[in-house]
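Peer 1: Fold the stuff below for me.
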Amino acid sequence: MKIKNQLLLLSFCFSVGAVMATEYPSKSTILKNGLKIIVCEKPDNDFVEFEVWYRTGSKDEKPGIRGMAHLFEHMMFRGTTKYPGKSVFDNVAKVGGDANAYTTFDRTVYHEFVPASSLEKMMDIESDRMANLVVTQEILNTEREVVGEELRNGTNSWYQKMSSDRYPFLYPQGHPYEVDVIGFLGEITKFTAPQCMDFYNNYYSPNNAFVVVVGNVKAEEVFAMAEKYFGAVTKQLDIKKKQDIPAVDTTKIRTNEMNINFPVQIYAYTFPRPAVSDPDFFAFQMLTDILFTGDNSILNNRLVKKEHLAYGFNVGNDSWSYYPNLALIDVIMNASPGNVKVKKAIKEEINKIITDCIPKEMLDNYIQAYENNFALNNYASANISNNLGMAEYYFNDYNMAYKLNDAYKKITSEDTKRIAAKYLSEEKIQIINIKPE
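Peer 2: From the prediction side, this is the model:
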């Protein structure tokens, strides 16, 4: 079980693997209780990837229950009325499969990779988890210790500790992403079993979730199976998107300097990032990949490979988000007074794009790399399932997973100029100077 919300080129890794092989047909149906079932028939082996996506994450927490979404992910593995204790893991282990889950700001996803013959058993387990979870104070106390240990272990990684220490300075109060997914240990230690059940009853329901199945299966058979097990879950929720979200493009971060106990210097560049639903989203993705994060990006070629002024660039947060968020790019360098050259070079390259745009040749190369990576990365069932799920979650249309490449092909050089001026101007960029103590 893990938190999946930041670190190491996440935006580029997802973007290049976001379409799927069209030889695998995908179909869907919606049960009467609102649960959508998406099936991709991929008959190349006898295993199946089975995932349940809940449209809830830390964005749905309130003061006093920070960290509840992630803790509750753990609680979902502690048993139901029909499958008590650790029966989920036991049943998966019996058939030689794998089970896990992850939590982000936006979503919580539970997944199993098992032989196709065991899919019906997994559906029985997941439907029971959706309807009949058992939460006691004893179970809560156990999982709370596990999450507390995760928090403590995070301090052993200098980069993870820096990221956690930095996070409270970024977002305005009231923003859905104002608190990191892991939450606050002081609040987690005070959670009660009734609070956990409130979260479960408020966000875990068929009409606030969808199922993705990829593997050696037939769609109609999966639909019938889903109706048999999930169709009986009657709980319904009235989920509304939050309104009046504090703007991130006009809010100042709370600090411009930090110290770390590690011998490097980091310029953490922050600037507003559009939500996936924004018309600017794809152009923004392409621009930031070409400028910052790709191995052959403009700034990586200049500052890392050519001028040797930096060790590298890291993406510090999710690139796909339900609400507008902050892009966070870490430029990692040797601690030196001469690092002002790095700021100057980054400013120069941004201004070039604002003035002259990104040449069409670079856009074409980006598309070619995108297509090449698609061919390499989209035969694993887990990758396909993730791509279908991301498209369904953010676009309410899993078929968008097949169309993302077309969206990037529509972007012009003039678009990159406009996006750079809108999101990367001096008025929008803020920098945290992170130095050794």
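Peer 1: what about the chain, any weak spots by pLDDT?
Peer 2: Within the chain, the stretches with pLDDT under 70 are 1-23.
Peer 1: Domain map for it?
Peer 2: Per automatic domain parsing, the domain ranges recorded for the chain read 21-230, 257-436.
Peer 1: Dump those domains to a markdown table, plus distance to residue 250 and mean neighbour count.
Peer 2: All C-beta spots, glycine's among them, are computed from the backbone N, C-alpha and C. What follows is the domains of the chain, written out as a markdown table (distance: least, CB to CB, whole Å; neighbours: other CB atoms under 10 Å):
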| stretch | distance to residue 250 | mean neighbour count |
| --- | --- | --- |
| domain 21-230 | 9 | 19 |
| domain 257-436 | 9 | 18 |
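Peer 1: got a markdown table for the ones you listed, with distance to residue 251 too?
Peer 2: Listed next are the domains of the chain as a markdown table, based on distance: least, CB to CB, whole Å:
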| stretch | distance to residue 251 |
| --- | --- |
| domain 21-230 | 4 |
| domain 257-436 | 9 |
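Peer 1: which stretch among those domains comes nearest residue 248?
Peer 2: Set against residue 248 and scored by CB to CB, the domains of the chain come closest in domain 257-436, at 4.9 Å.
Peer 1: Can you measure across the closest one, start residue to end residue?
Peer 2: Length of domain 257-436, first residue to last, CA to CA, to the nearest Å: 11 Å.
Peer 1: what about stretch 266-280, distance to the chain center?
Peer 2: 14 Å (CA atoms, centre = their mean, to the nearest Å).
Peer 1: Ok, which of the domains of the chain comes nearest residue 237?
Peer 2: Closest approach to residue 237 among those (CB to CB): domain 21-230, 4.4 Å.
Peer 1: And stretch 238-256, end to end?
Peer 2: 40 Å.
Peer 1: My error: substitute stretch 399-407 in the last question.
Peer 2: Length of stretch 399-407, first residue to last, CA to CA: 13 Å.
Peer 1: now swap in stretch 210-226 and tell me
Peer 2: Using CA to CA, the end-to-end distance of stretch 210-226 comes out at 11 Å.
Peer 1: Which residues are in contact with residue 59?
Peer 2: Neighbouring residues of residue 59 by CB atoms under 8 Å, 6 or more residues apart in numbering: 105, 106, 176, 177, 242, 322, 323.
Peer 1: So it lies in a helix, does it not?
Peer 2: Yes. According to DSSP: H, G, I helix; E, B strand; the rest coil, residue 59 belongs to a helix.
Peer 1: which residues of the stretch 301-437 of the chain fall in helices?
Peer 2: All helices of the stretch 301-437 of the chain, identified by DSSP state H, counting those that start in this stretch, fall at 340-356, 360-377, 381-395, 404-409, 413-423.
Peer 1: Which of those sits closest to residue 78?
Peer 2: Shortest separation from residue 78 across these is recorded for helix 381-395, at 24.0 Å, computed as CB to CB.
Peer 1: circling back: can the contacts of residue 59 go into CSV with extra columns for secondary structure?
Peer 2: As requested, these are exported to CSV (three-state DSSP):
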residue, secondary structure
105, coil
106, coil
176, coil
177, coil
242, coil
322, coil
323, coil
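Peer 1: just these now: which is nearest residue 223?
Peer 2: So of the contacts of residue 59, ranked by how close each gets to residue 223 (CB to CB), first place is residue 106, at 26.7 Å.
Peer 1: Got phi/psi on that closest one?
Peer 2: Here is the backbone geometry of residue 106 (degrees, to the nearest 10): phi -100, psi -30.
Peer 1: so what's it up against?
Peer 2: Contacts of residue 106 by CB under 8 Å, 6+ apart are 55, 57, 59, 318, 321, 322, 393.
Peer 1: what's the answer for residue 49, then?
Peer 2: 111, 112, 113, 212, 213, 214, 215, 381, 382, 384, 385.
Peer 1: so who does the closest residue to it other than its chain neighbours touch?
Peer 2: Once flanking residues are discounted, residue 49 sits nearest to residue 381: 3.9 Å by CB to CB, 6 or more residues apart in numbering. Residue 381 sits next to 42, 47, 48, 49, 113, 214, 215 when contact means CB under 8 Å, 6+ apart.
Peer 1: switch the cut-off to 6 Å
Peer 2: The contact partners of residue 381, by CB atoms under 6 Å, 6 or more residues apart in numbering, come to 49, 214, 215.
Peer 1: Apart from its neighbours in sequence, what residue is nearest residue 268?
Peer 2: residue 432 (4.1 Å).
Peer 1: Strands of this structure, residue ranges please.
Peer 2: For the chain, the strands defined by DSSP state E occupy 2-3, 26-30, 36-41, 47-54, 98-103, 108-115, 209-215, 257-260, 265-273, 312-315, 325-333, 430-436.
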